[in-house]
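Visitor: Sequence plus the predicted model coming up.
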Amino acid sequence: MEGCGVNQASVSRACAAVLRRDLTLAWRRRGDIAMPVLYALIVATLFPFALGPEDALLQRIAGGVVLVTVLLAMLLALDAMFRSDIEDGSLEQLVLAPQPLALMLAMKILAHWLTTALPLILISPLLAGMLHLPLPVMGVLMLALLLATPMLSLLGAVLVALTAGTRRSGMLLALMLLPLCVPVVIFAAGAVAAAQQGLPWVAPIAWLGAALALALVLAPLACAAALRIALDA
Amino acid sequence: MSKWIPLWLHKLGSPPTFYRFAGTLRPWFLALALIAGAMALYGGLVLAPADYQQGDAYRIIFIHVPSAWMGLFIYGVMAVASFIALVWRIKLAETVAMESAPIGAAFTFITLVTGSLWGKPMWGTWWTWDARLTSELVLLFLYLGVIGLYHAFEDRRQGARAAAFLAIIGIINVPIVHFSVNWWNTLHQGSTVRILGPSKISTDMLWPLLTMMVATKLYYVASLFGRVRADLLELEGGKEWVRRIATGDDA
Amino acid sequence: MTSAHAIPLLQARGLSFLRADEPVFGPLDFALHAGELALVEGDNGSGKTTLLRLLGGLLHVGEGELQWRGQGWNRDARAGEVLFLGHQLGLKMDMSPRENLHIAAGLHGMREGRSAASVLVDVGLPGYEDEPVRRLSAGQKKRAALARLLLLPAVLWLLDEPYANLDRAGIALVNRLLEEHIASGGAALVTSHGAVSFHGGEPKRIRMHG
Amino acid sequence: MSQFLAMGGYAGYVWPAYAVFLIVLLADFVSPLLRRRRNLRELRARLARQTARQQRAASPAVNP
């Protein structure tokens, strides 16, 4: 505009603004952060009741149970990733902002991961301990979770963006996410199982890492494209 | 190149044109599919000799393998149509993609059921977490996700675009799933059952199999045309050409 | 202020938007130059909101053509030049007006010489800067959203029902914002049911039907 | 013939498999036909209502 100076917003400032906003909002509703953690705790507690408290059995399933539990807890929180932003119109404002949308969404995904997946990773040793996972394997489990949960956040974000224009999305989201998370679960649980059997576990972890690197680049772009489709009506 | 493809597609893609085109060709495809299917059934069930290892149970192969192949093939068609729909916003491509999904899901479902019916006498179990069957199951879920997303939107064209996007994500996912499930199978020393070993399949068995593959393809085209026709009538409900059909000026 | 041969900011030719193959509005033909205000008029369901969302870039062009500054209609060319204020205000309820403005400024940039505090005073919210938005009244929320217009740089404002929920003073505020914006060479597209008492010259009118 | 139907003892597996194949594909084929019929019927009804409305509007004197 003529005669009126403008301080252009740099991309890094915009990223920081989005990240700070989402983290602040999450902090102001701390109770919501605790929900997935509580859910995971409940599910993990139920397994010994269902299968019996036999050490050997629990030990064998511990890695898989923790992984699936964390996955389900994340699925529970996934639905809310864009929900409030759609309801109050902030998502429209984000789409219309003169910033690369994919990068802004990447920040939202990062914030979502920090507030839902990170607490789950932090309590995963507790869950695994309850199921008698051997201590040396614990490190591999944490590493697998550290690589698998961002994958789920990224893939989930694309699907949530696709369902942004629909009413009922909870069950549908699970149906859509299942095929995408099968490889993630296989490699993450595979690494833990291999470590438990004393087999080399680096290969599946490396595969997960490679997939994560790819998803880090592609998923935000796909998420942006999906969101534009979902809002276009 | 980039100019004439959309031009050509736009011409054939005009709904009334395609409606007539599909209406004319559909009976032919159906007839050919039925003839080829009958030939394949006769060849497979009557002419082909029993397998020396599996006896007559192997005859399920004549529907199981073509169905499995169609499940993947239709997913490919759906993904290509989805891509065209997203890039050029062609309504017909959206319809083709979305109406392919139920057919593909049907074939995938058949694959799973026949695989299970074959597995029981051969492996002694209805379901085994064999790499191929597991991949088929995931494929079915991919189809159901696309169908579910399509129907979750109130605006059907928007639903088609969103589901088309999901279909494209899915096709990237298919080989990854296959690879990971294979790896998973070796890790857990699961039951990797070779249905047909590397041994040569005899011509008596091969030609009914190939004929059935052709028959299922022809059937797919016939079914797709029928579905697309029904869909176009729904989508274009307000248009003059649909009105003429409704009032009986046209078949 | 407006010369006839200047390139318009926004030019629509035969513009329409289709939903389920039914045109929601149009075809519309209009041009909007810098320093012009256009009122979008029409009954409920005539597609006013749809038009604004389309011009904002949320919807794709159905039929017809749109140009931005005589060029094609692409996102990069319009980046940072358009502000959209819709029914949903885009405010975070758990944050204060000041925090909301800081985020918006982080995304859009800021006009020189303006600050969140100064524009909040300007829209009549002194003393409410740090109150969570959820505790504000509907009219105050609207004012908090209007503050964005003052703080962020943009040439074209797309305002959907800016007068809704506002009292007499609030309506005067919107008119003042519009007059200043137009006078400084900006442009605006406004939908409204109510009459607009605009003192910066005769506004253009875009009729959605007939 | 009965030997053919017995499928070497595997009749309980082979025939259900073929039955599923045929039934699923038949259902797949018939459903769009039914959908098309239903749509056309609804469309005809809508058109009839529309013409009725137009006629009523054209001759307002019928119903004082």
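Guide: Okay, I see it. Numbering: from 1, shown residues only, chains lettered A, B, ... in the order given.
Visitor: Could you list the contact residues of the stretch 151-251 of chain B toward chain A?
Guide: Residues of the stretch 151-251 of chain B lying close to chain A (C-beta under 8 Å from any C-beta of the partner chain) are B:152-153, B:155, B:158, B:161-162, B:165-166, B:169-170, B:173, B:176-177, B:179-181, B:183-184, B:187-188. In this view, the C-beta of every residue, glycine as well, is placed from N, C-alpha and C.
Visitor: check contacts around residue 17.
Guide: Defaulting to chain A. Residues near A:A17 by C-beta atoms under 8 Å, 6 or more residues apart in numbering or on different chains: C:H102, C:I103, C:A105, C:G106, C:L107.
Visitor: You answered for a different chain; I wanted chain D.
Guide: D:A17 sits next to B:I60, B:I63, B:H64, B:V113, B:T114, B:L117, B:W118 when contact means C-beta under 8 Å, 6+ apart.
Visitor: what helix or strand does the fifth one sit in?
Guide: In other words, B:T114. Element membership for B:T114, per DSSP states H and E: helix B:91-123.
Visitor: Give me the distance between that helix and the centre of its chain.
Guide: Chain-centre distance of helix B:91-123: 6 Å, with C-alpha atoms, centre = their mean, to the nearest Å.
Visitor: Tell me where the model's unsure across chain C.
Guide: C:1-5, C:20, C:193-201, C:209-210 (pLDDT under 70).
Visitor: Following the chain past the longest helix belonging to it, name the next helix or strand.
Guide: Looking across chain C with DSSP state H, the single longest helix is helix C:168-183. Per DSSP H and E, the first helix or strand lying C-terminal to helix C:168-183 is strand C:187-191.
Visitor: which neighbours does the helix or strand just after that next one have in its sheet, and in what orientation?
Guide: Per DSSP H and E, the first helix or strand lying C-terminal to strand C:187-191 is strand C:204-207. Next to strand C:204-207 in the sheet, as set by DSSP bridges, lie strand C:37-41 (parallel).
Visitor: May I see the buried residues of the strand it pairs with?
Guide: C:L37, C:A38, C:L39, C:V40, C:E41 (16 or more other C-beta atoms under 10 Å in any protein chain shown).
Visitor: Out of those residues, flag the one nearest to chain A.
Guide: Lowest distance from chain A to the buried residues of strand C:37-41 (C-beta to the nearest C-beta) belongs to C:L37, with 15.2 Å.
Visitor: tell me which residues form a beta bridge with that closest one?
Guide: C:A188.
Visitor: shouldn't it be in contact with C:L178?
Guide: Yes: counting by C-beta atoms under 8 Å, C:L37 does reach C:L178; the two are 6.1 Å apart.
Visitor: Now C:R111: phi and psi?
Guide: Note on C:R111: backbone dihedrals following degrees, to the nearest 10 are phi -80, psi 150.
Visitor: What is the neighbour count of it?
Guide: When neighbours are counted by other C-beta atoms under 10 Å in any protein chain shown, C:R111 registers 19.
Visitor: tell me the SS of the residue nearest to it when sequence neighbours are not counted?
Guide: In space, and not counting its chain neighbours, C:R111 is closest to C:P153: 5.0 Å by C-beta to C-beta, 6 or more residues apart in numbering or on different chains. Following DSSP: H, G, I helix; E, B strand; the rest coil, we place C:P153 in the coil state.
Visitor: Likewise for C:M93?
Guide: Applying three-state DSSP: C:M93 is coil.
Visitor: What distance do you get for the closest residue to it other than its chain neighbours to chain A?
Guide: Leaving aside its sequence neighbours, C:M93 sits nearest to C:R134 (C-beta to C-beta, 6+ apart; 4.0 Å). Distance, C:R134 to chain A, using C-beta to the nearest C-beta, to the nearest Å: 10 Å.
Visitor: Is the residue most central in space within chain C within a helix or a strand, and which one?
Guide: Nearest residue to the geometric centre of chain C (C-alpha atoms, centre = their mean): C:L158, 2.3 Å. C:L158 is part of strand C:156-160 when elements are defined by DSSP H and E.
Visitor: Give me the angle between that strand and helix C:168-183.
Guide: With axes from the mean of the first three to the mean of the last three C-alpha atoms, to 10 degrees defining the directions, strand C:156-160 sits at 150 degrees from helix C:168-183.
Visitor: Against chain B, how distant is the residue nearest to the centre of chain C?
Guide: C:L158 is 22 Å from chain B, by C-beta to the nearest C-beta.
Visitor: quick one: contacts for A:L152?
Guide: With contacts defined as C-beta under 8 Å, 6+ apart, the neighbours of A:L152 are A:L71, A:M74, A:A117, A:L177, A:C181, A:V184.
Visitor: Could you identify the most distant pair in those residues?
Guide: Farthest apart among the contacts of A:L152 by C-beta to C-beta are A:A117 and A:L177. That separation is 14.3 Å.
Visitor: which residues does C:M110 bridge with?
Guide: Beta-bridge partners for C:M110, by DSSP bridges, are A:N7.
Visitor: which residues sit against stretch B:64-76?
Guide: Stretch B:64-76 is contacted by residues B:100, B:103-104, B:107-108, B:110-111, B:114-115, B:118, B:132, B:136, B:139-140, B:142-143, B:167, B:170-171, B:174, B:209, B:212-213, B:215-217, B:220, D:17, D:21 when judged by C-beta under 8 Å, 6+ apart.
Visitor: That stretch: how far from the chain's middle?
Guide: With C-alpha atoms, centre = their mean as the basis, stretch B:64-76 stands 5 Å off its chain's centre.
Visitor: Next: stretch A:114-124.
Guide: The answer for stretch A:114-124 is 9 Å, by C-alpha atoms, centre = their mean.
Visitor: And stretch C:14-23, by the same measure?
Guide: With C-alpha atoms, centre = their mean as the basis, stretch C:14-23 stands 22 Å off its chain's centre.
Visitor: anything in that stretch near chain D?
Guide: No: applying C-beta under 8 Å from any C-beta, one finds stretch C:14-23 separated from chain D by no less than 14.1 Å.
Visitor: Chain B contacts on chain A?
Guide: Residues of chain A found near chain B (C-beta under 8 Å from any C-beta) are A:158-159, A:162-163, A:165-169, A:172, A:175-176, A:178-180, A:182-183, A:186-187, A:190, A:193-194, A:204, A:211, A:222, A:225-226, A:229-230, A:232-233.
Visitor: Selection in PyMOL covering whichever of these are buried, please.
Guide: The PyMOL selection below is limited to those of those classed as buried (16+ other C-beta under 10 Å):
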select buried, chain A and resi 158+159+162+163+165+166+169+172+175+176+178+179+180+182+183+186+187+190+193+194+204+211+222+225+226+229+230+232+233
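Visitor: Next step: the residues of chain A next to chain B restricted to helices.
Guide: A:158-159, A:162, A:172, A:175-176, A:178-180, A:182-183, A:186-187, A:190, A:193-194, A:204, A:211, A:222, A:225-226, A:229-230.
Visitor: circling back: please convert the buried residues of strand C:37-41 to CSV, extending it with distance to C:G57.
Guide: As requested, the buried residues of strand C:37-41 are exported to CSV (distance: C-beta to C-beta, whole Å):
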residue, distance to C:G57
C:L37, 20
C:A38, 17
C:L39, 21
C:V40, 17
C:E41, 23
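Visitor: May I have the helix or strand C:Q67 falls within as PDB, with CA atoms only?
Guide: If you go by DSSP H and E, C:Q67 is part of strand C:63-68. Extracted in PDB, the C-alpha atoms of strand C:63-68 (Å, rounded to 0.1, in the frame of the first residue of the first chain):
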ATOM      1  CA  GLU C  63     -16.600 -20.600 -14.500                       C
ATOM      2  CA  GLY C  64     -15.400 -17.400 -15.900                       C
ATOM      3  CA  GLU C  65     -12.200 -15.500 -15.300                       C
ATOM      4  CA  LEU C  66     -10.600 -13.600 -12.400                       C
ATOM      5  CA  GLN C  67      -7.600 -11.300 -12.700                       C
ATOM      6  CA  TRP C  68      -5.400  -9.800 -10.000                       C
END
